[in-house]
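# just to be clear, the model below is a prediction. Sequence and coordinates:
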Amino acid sequence: MRMENVLLRLENISVSFDDDLILNDISLEIKDKEFVTLLGPSGCGKTTTLRIIGGFVNPDAGNVYFNGVIMNDVPPYKRPVNTIFQKYALFPHLNVFENVAFGLRILKKPEKEIKQTVNEMLTLVNLSGFSTRNVSSLSGGQQQRVAIARALAVRPKILLLDEPLGALDLKLRKDMQVELKNIQQQLDITFIYVTHDQEEALSMSDTVVVMDNGCIQQIGSPLDIYNEPKNAFVADFIGESNILDAVMKEDYSVSFAGHIFKCLDSGFAEGEPADAVVRPEDIDLVEPEKGMLSGTVTSVTFRGVHFEIIVDIRGFKWMIQTTDYYPVGMSVGLVIGPDDIHIMKKSEYSGRFGDYSTYSDEIEELSENTEEEV
Amino acid sequence: MKTKKSLLQRYAASPYMVWSVLFVIAPLLFVIYYAFTDRNGTFSFNNFSRMFSGETPKVFVISLAFAFVSTLICLIIAYPLAYSMIKTKKKTQNMLIMLFMLPMWMNFVLRTYAISFLLEDRGLINQLFTSIGLGQIKLINTSGAVIFGMIYNFLPYMLLPIYSVMSKMDKSLIEASEDLGCNRLHTLTKVILPLSIPGIVSGITMVFVPSVSTFYISQKLGPSDFTLIGDEIETEIKSAAGSYNYGSAISFVLMILIFICLIVMNKFSDEDAQGGMLV
Ligand SMILES: Nc1ncnc2c1ncn2[C@@H]1O[C@H](COP(=O)(O)OP(=O)(O)OP(=O)(O)O)[C@@H](O)[C@H]1O
Ligand SMILES: [Mg+2]
């Protein structure tokens, strides 16, 4: 990565609110015209990170650089950054046109140019006929798009989007995802996008930043994040995964679930404990005696394109996705190829994720059990 | 869609109805009745024609002018005050509100007495002035003292509605405006001010109406023969030879004047802000 290319840099940012450490030593580089997504569960500090970039929160420690220049003390109105707020924050006393024109009027642009830009922006977000409408009379999706038009009208270098599609239904959401991606490419600006929807993150981004608990867990392309998660948290948060307690026998050989598998990972010490990830769609099902592992189907769920089945192998519940139907109670064998296995170093998240025993039918059983225990 | 109302729902409002008939509508009808009759109870316009002679028109003008000035000053003080209050911590805000409400717990007459003690020739302020070598200044029994009294008494009524509108304002709107390039001044004029108009309107109403009809403040703090319209009504009703009729007529005209002022103001505010509320 060449340094000139870096548009925004966060350096060792930490923030506390009321003695709670909310962001813990965040460092992040964002390149010009990049589509970066901050992905993580609720409360992990995504909005706070955006607010630091926007200038609404001052970090307790660390620096924000824009084009290599330190920006810590630059007030929000002087930053080349615009935000689409989680709750839109449209001005209720202004109509759609005036909301979009707001930033341009502050810049004292000539009336003719304002009119032209606003109409351009409204066309861009498919709201051309809505100029004179009152913003409170718009649907959530329309308000959303006004907010996008308003932020884009002033031509920011970086657009910060805080869960902009959170309030939309699935269909509109998908459309808007495509639309936003198009807008980003058309206008050639950097997007920093916050979401807790992993599918959205994977499909839209150049780079995904996975966060949990105020820390960055992994930064990488969507493919990297999916195929080579750094720890059990990332593996579990991005897509479905079976995460098993494993021991590296030697390079390219790992033991878990009572079987020794060939794998593609090396660089671990001999006998080092690790976590093995196997994605549900990578597992092949065969007859029990032909499998590397074998177990019993305990639940089947139809998911449209595929079935999601849970197989109990020595007490560990595996999730497997298959296009064939397997009835509950049937014995099946599992085949797992070397490239279907990903080995991760042990982390604080080890053992907390990756077993599907709380899944579907099993939930009832489990809750009965807990009731007995209480 | 019509839903059948329960007995409770149907009659829940009736105590309020009785209350408003007794204490709002009835006095109003009495005022109108007295205003349009003479002492013998026969219908006449004499009370009104009498109003155009003598001092009364001048008193009306003075009353409106004093109320206007004190309302304006209240607004000028209360708006920045409310604005700076919402920037402080919630705890500080509650304490400041308490502080401004505290004088309100005291009787109105006592409060005005307290002011006169402060402003007297040998009052606290003048003692302070003489002690630091400044001469005694004529404070009490001046028009300034009347204005001061009105402001002192009615400022909280301006502050509270403005503060409450401002504190309920969505903070993200302020951030959005900063985000779009507004410095503090622009944020104030382009976002906060237009959004706080409903508070300003009710503040103005709540200060202007009592200011225009006040009577005690002017007697206690104003120059010796200084009269406001409230004083005139009071004297008229209290005087031995007087009757309710002329006083009622003045009240009636005052009510209409206030009503017109309010309508004009609401019209004005509705153009700027949706959700501008009536009174
Ligand atoms: N002004 C504040 N004062 C105190 N605590 C705060 C403040 N702002 C955020 N927090 C806390 O910081 C943590 C992170 O908040 P943040 O809004 O960044 O989460 P998020 O990742 O955006 O979550 P979500 O997906 O729910 O929007 C939360 O625990 C929140 O309660
Ligand atoms: Mg958030």
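Now that the structure is in, tell me what you want to look at. Residues are numbered from 1 along each chain as shown, chains lettered A, B, ... in the order given. Ligands and ions are numbered 1, 2, ... in the order given.

# shaky segments in chain B?
Applying pLDDT under 70 to chain B picks out residues B:1-5, B:240-242, B:270-279.

# near chain B, which residues of the stretch 101-250 of chain A are found?
A:102-103, A:106-107, A:134, A:136, A:150-151, A:154 (C-beta under 8 Å from any C-beta of the partner chain). The way it works is simple: take the backbone N, C-alpha and C, and place the C-beta from them, glycine included.

# what about these, which are in helices?
Among these, DSSP state H puts A:102-103, A:106, A:150-151 in helices.

# identify the farthest-apart pair in the residues of the stretch 101-250 of chain A next to chain B.
A:Leu107 and A:Ser136 (26.0 Å; C-beta to C-beta).

# just the buried ones from the residues of the stretch 101-250 of chain A next to chain B?
Neighbour counting with 16 or more other C-beta atoms under 10 Å in any protein chain shown marks A:102-103, A:106, A:150-151, A:154 as buried within those.

# how far is stretch B:34-47 from where the chain is centred?
On the basis of C-alpha atoms, centre = their mean, to the nearest Å, the separation between the geometric centre of stretch B:34-47 and that of its chain is 30 Å.

# what do you get for stretch B:112-124?
23 Å.

# ok, B:Leu155 - how many residues close by?
22 (other C-beta atoms under 10 Å in any protein chain shown).

# returning to that earlier point: of the buried ones among the residues of the stretch 101-250 of chain A next to chain B, which is the nearest to A:Val209?
Using C-beta to C-beta, those come closest to A:Val209 at A:Ala151, 20.8 Å.

# excluding covalently adjacent residues, which one is nearest to the closest one?
A:Asn82 (4.1 Å; C-beta to C-beta, 6 or more residues apart in numbering or on different chains).

# same check, this time on B:Phe100
Among residues not flanking B:Phe100 along the chain, B:Pro156 sits closest, at 5.2 Å (C-beta to C-beta, 6+ apart).

# wait, isn't the one you found in contact with B:Met104?
Yes - if you go by C-beta atoms under 8 Å, B:Pro156 and B:Met104 touch, sitting 5.5 Å apart.

# so which strand or helix has the residue most central in space within chain B?
The residue lying closest to the centre of chain B (C-alpha atoms, centre = their mean) is B:Val207, at 1.9 Å. Counting by DSSP states H and E, the element that carries B:Val207 is helix B:197-213.

# next structured bit after that helix?
Next element after helix B:197-213 (DSSP H and E): helix B:216-221.

# what's the first helix or strand after that next one?
Taking DSSP H and E, what comes next after helix B:216-221 is helix B:229-238.

# so which other helices or strands are in contact with that following helix?
Helices and strands touching helix B:229-238, by 3 or more C-beta pairs under 8 Å, 6 or more residues apart in numbering or on different chains; DSSP states H and E, are helix B:56-86, helix B:197-213, helix B:216-221, helix B:244-272.

# what is the burial count for the residue in the stretch 151-279 of chain B positioned nearest to ligand 1?
Nearest to ligand 1 in the stretch 151-279 of chain B, going by C-beta to the nearest ligand atom, is B:Lys171, at a distance of 10.0 Å. Neighbour count of B:Lys171, defined by other C-beta under 10 Å: 11.

# show me the helices in chain A, by range?
According to DSSP H, the helices that chain A contains are A:46-54, A:96-106, A:111-124, A:140-153, A:170-187, A:198-204, A:222-227, A:232-237, A:362-373.

# winner for burial among the ones you listed?
Mean neighbours per residue, mean count of other C-beta atoms under 10 Å in any protein chain shown, is largest over the helices of chain A for helix A:232-237, with a mean of 24.

# please name the residues that touch B:Val207.
B:70-71, B:74-75, B:154-155, B:157-158 (C-beta atoms under 8 Å, 6 or more residues apart in numbering or on different chains).

# who's more crowded, B:Pro156 and B:Met104?
Each of B:Pro156 and B:Met104 has its neighbours counted (other C-beta under 10 Å); B:Pro156 has more, 21 against 13.

# give me the three-state assignment for that one.
Put simply, B:Pro156 is helix when judged by DSSP: H, G, I helix; E, B strand; the rest coil.

# distance check, it against B:Gly203.
Distance of B:Pro156 to B:Gly203, given as C-beta to C-beta, to the nearest Å: 10 Å.

# give me the residue from the stretch 151-300 of chain A nearest ligand 1.
Counting by C-beta to the nearest ligand atom, the stretch 151-300 of chain A gets nearest ligand 1 through A:His196, at 5.1 Å.

# what is the burial count for that residue?
Quick note: A:His196 (other C-beta under 10 Å) scores 18 neighbours.

# and the residue of the stretch 101-250 of chain A found nearest chain B, how far is that from A:Thr83?
Closest contact between the stretch 101-250 of chain A and chain B, by C-beta to the nearest C-beta, is at A:Gly103 (3.8 Å). With distances taken as C-beta to C-beta, A:Gly103 is found 12 Å from A:Thr83.

# so what sits against both of those two?
A:Ala151.

# neighbours of the spatially closest residue to A:Cys263 that is not a sequence neighbour, how many?
Nearest residue to A:Cys263 in three dimensions, chain neighbours excluded: A:Ile341, at 4.3 Å (C-beta to C-beta, 6+ apart). A:Ile341 has 21 neighbours, counted by other C-beta under 10 Å.

# separation between A:Ile341 and A:Pro327?
28 Å.

# next: B:Lys138.
Distance from B:Lys138 to A:Pro327, by C-beta to C-beta: 103 Å.

# same check, this time on B:Ile77
80 Å.

# quick one, which of those two is more surrounded?
Using other C-beta under 10 Å as the criterion, B:Ile77 and A:Pro327 rank with B:Ile77 on top: 14 against 8.

# nearest residue to the more buried one other than its sequence neighbours?
B:Leu155 is the one closest to B:Ile77 (C-beta to C-beta, 6+ apart), at 6.4 Å.

# who's in contact with that neighbour?
Contacts of B:Leu155 (C-beta under 8 Å, 6+ apart): B:74, B:77-78, B:100, B:207.

# which helix or strand contains B:Tyr113?
Using DSSP H and E, B:Tyr113 falls in helix B:108-119.

# give me the contact list for that helix.
B:103, B:106, B:123-126, B:139-140, B:145, B:148-149, B:152-153, B:216-217, B:220-221.

# let's see 7 Å
B:103, B:123-125, B:139-140, B:145, B:148-149, B:152-153, B:216-217, B:220-221 (C-beta atoms under 7 Å, 6 or more residues apart in numbering or on different chains).

# next one: stretch A:186-197
A:7, A:30, A:32-42, A:46-47, A:50, A:53, A:152, A:156-163, A:184, A:201, A:204-205.

# from start to finish, how long is it in a straight line?
Separation of the first and last residues of stretch A:186-197 by C-alpha to C-alpha, to the nearest Å is 24 Å.

# the strands in the stretch 151-300 of chain A, which residues?
For the stretch 151-300 of chain A, the strands defined by DSSP state E, counting those that start in this stretch occupy A:158-162, A:190-195, A:207-212, A:215-220, A:242-250, A:253-256, A:259-262, A:273-278, A:284-286, A:293-302.

# partner strands of the second one, parallel or antiparallel?
What that stands for is strand A:190-195. strand A:35-39 (parallel), strand A:158-162 (parallel) (DSSP bridges).

# next to ligand 1 in this structure, residues from the stretch 1-150 of chain A, please.
A:17-18, A:22, A:40, A:42-48 (C-beta under 6 Å from any ligand atom).

# and stretch A:56-65 with chain B, contact?
Yes - residues of stretch A:56-65 are located near chain B by C-beta under 7 Å from any C-beta of the partner chain, namely A:Phe56.

# was I right to think B:Pro161 contacts B:Ile197?
No - contact criterion C-beta atoms under 7 Å: B:Pro161 and B:Ile197 do not qualify, at 10.9 Å.

# low-confidence ranges in chain A?
A:1-4, A:358-374.
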